[in-house]
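1. Sequence and computational prediction follow.
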Amino acid sequence: MRLPTLVVFSSVLLFAVSGAVTAAAPSPSSTPINSQDVDGHPVAVNGLGHVTLVMYTNPDLEDASRKLTLALDRYRDRPNFTLVRVVDLRGDVPPQMRGMVRGQIRKEQVREAVRLKKAGVSVAGAHAPIIPDFSGSTLNALGWDSTYDTVHVVVYDAKGREIKRVADASDPKVVTRVVAAIL
C-alpha cells in the first residue's frame with residue numbers, strides 16, 4: 001500500500017516541479033504578434049530591433065497604468081525602446097460605440113504628447129502605440145486571457161523574444177528596474 005502512494009506522490013511532485021520550471025522560463029519563440037493601433041495602423045507588438053514593453057491595462061486600471069507610463073518617461077525617446085499599451089475592452093464596448101472610444105484614446109494621446117514635450121521628452125522618438133482590443137485577439141496572443149485587476153507587463157528583446165513577465169506591475173519601481181537592467 002505504501003509503494004503506490006509513494007509513486008503517486010513522486011509523480012505529482014515531479015509534475016509540479018516541471019510545471020513550475022516551464023511557467024518561469026520565458027518563451028524562446030519570437031512568433032510575431034501583430035495588431036492595430038487606435039488609428040488602424042499595423043503594430044508589431046513584439047517588434048524587432050528594440051526592447052518592447054507591452055502593458056496590459058483596462059478602464060479600471062487607468063490611474064495605475066498612468067503612473068507606470070509616467071515612470072517610463074525617461075526611456076520613451078530612446079531608439080532601442082518601445083512602449084505598447086493594450087487596453088482590454090473585451091465585451092465592454094458595443095460596436096456602435098467603438099469610434100467614440102477610439103476618439104477618447106486619441107484625445108489622451110494628444111494630452112500625453114503635450115506632457116512629454118513639457119517634460120523634455122522628444123515626442124517624435126516616444127513611439128507608444130495604444131491598441132484598443134475589443135475582441136481579445138491581441139490580449140490572447142500575449143497570454144492575457146482574463147480581465148485583470150492589476151497592470152501586467154511583458155518585455156520582449158530586440159529579436160522579439162519574451163524575456164520578462166510581471167503579473168502585478170502596480171509598483172512602477174519594479175518595472176523601471178526591469179527596463180533599466182535590460183537597456
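-> Done, it's in.
2. Strands along this structure, start to end?
-> Here the chain has its strands, by DSSP state E, at 34-36, 42-44, 51-57, 81-88, 130-133, 152-156, 162-166.
3. Out of those strands, which gets nearest to residue 174?
-> Closest approach to residue 174 among the strands of the chain (CB to CB): strand 162-166, 6.5 Å. For glycine as for every other residue, the C-beta is placed from the backbone atoms N, C-alpha and C.
4. Quick check: pLDDT value at residue 77.
-> With respect to pLDDT, residue 77 has a value of 87.
5. Go through the strands of the chain and name the closest to residue 146.
-> Comparing the strands of the chain by their distance to residue 146 (CB to CB), the top pick is strand 81-88, with 9.1 Å.
6. CA-only coordinates of that closest one, as CSV, when you get a sec.
-> Backbone C-alpha positions of strand 81-88 (Å, rounded to 0.1, in the frame of the first residue of the first chain) are rendered in CSV as follows:
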residue,chain,number,x,y,z
PHE,A,81,12.9,51.1,-26.5
THR,A,82,9.2,51.0,-27.4
LEU,A,83,6.2,51.1,-25.1
VAL,A,84,3.0,49.4,-26.3
ARG,A,85,-0.2,49.6,-24.4
VAL,A,86,-3.0,47.2,-24.9
VAL,A,87,-6.4,48.2,-23.5
ASP,A,88,-8.7,45.3,-22.6
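7. Compute the inter-axis angle for it and strand 152-156.
-> 140 degrees (axes from the mean of the first three to the mean of the last three CA atoms, to 10 degrees).
8. quick one on the thing from earlier: could I get the strands of the chain as TSV with mean neighbour count?
-> Formatted as TSV, the strands of the chain follow (neighbours: other CB atoms under 10 Å):
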stretch	mean neighbour count
strand 34-36	16
strand 42-44	16
strand 51-57	24
strand 81-88	24
strand 130-133	20
strand 152-156	24
strand 162-166	18
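9. so can I have JSON lines of the ones you listed showing mean pLDDT and distance to residue 113?
-> Formatted as JSON lines, the strands of the chain follow (pLDDT from 0 to 100; distance: least, CB to CB, whole Å):
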{"stretch": "strand 34-36", "mean pLDDT": "95", "distance to residue 113": "20"}
{"stretch": "strand 42-44", "mean pLDDT": "93", "distance to residue 113": "17"}
{"stretch": "strand 51-57", "mean pLDDT": "96", "distance to residue 113": "18"}
{"stretch": "strand 81-88", "mean pLDDT": "95", "distance to residue 113": "13"}
{"stretch": "strand 130-133", "mean pLDDT": "96", "distance to residue 113": "12"}
{"stretch": "strand 152-156", "mean pLDDT": "96", "distance to residue 113": "22"}
{"stretch": "strand 162-166", "mean pLDDT": "94", "distance to residue 113": "26"}
